[in-house]
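Visitor: pasting the structure only:
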């Protein structure tokens, strides 16, 4: 369950809010006049979040490279610079190269 507190509690109950962040490893949502204003979280929680963001960015970059590679291969096929051949022929050639 999310922890939602008014931003004024930073002054009066900072230790309690810090305990929530550190011990439960959960963020605390701070509101002003009933609307979301800030998020308070532990350093460990922030570092975990940053690691997830970095991992997502790496996956996204990998997906981008796969798309670029597929587009390049498709362009070669359209240009006629690639000869498509049956799978069994390609496997036979590959096995011959492994010997």
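Guide: Here it is on my side, so go on. This structure is a prediction, so every number in the text was calculated from the model and none was measured.

Visitor: Break this structure into its domains for me.
Guide: Following automatic domain parsing, one gets these domains for the chain: 3-41, 54-98.

Visitor: Does anything pack onto the helix or strand encompassing residue 62? Which helices or strands?
Guide: Assessed by DSSP states H and E, residue 62 sits inside helix 43-79. The contact analysis (3 or more C-beta pairs under 8 Å, 6 or more residues apart in numbering; DSSP states H and E) places helix 43-79 against no helix or strand. Every C-beta, even on glycine, is put in place using the N, C-alpha and C of the backbone.

Visitor: List the buried residues of it.
Guide: residue 45 (16 or more other C-beta atoms under 10 Å).

Visitor: do stretch 10-30 as well
Guide: 17, 20-21, 27-30.

Visitor: Find the centremost residue of the protein, please.
Guide: With distances taken as C-alpha atoms, centre = their mean, residue 56 lies nearest the centre of the chain, 1.9 Å away.

Visitor: For residue 46, see how far away that residue is.
Guide: 16 Å (C-beta to C-beta, to the nearest Å).

Visitor: distance of the residue nearest to the centre of the chain from residue 63?
Guide: 10 Å.

Visitor: And for residue 39?
Guide: 29 Å.

Visitor: Kind regards, and thank you for your time.
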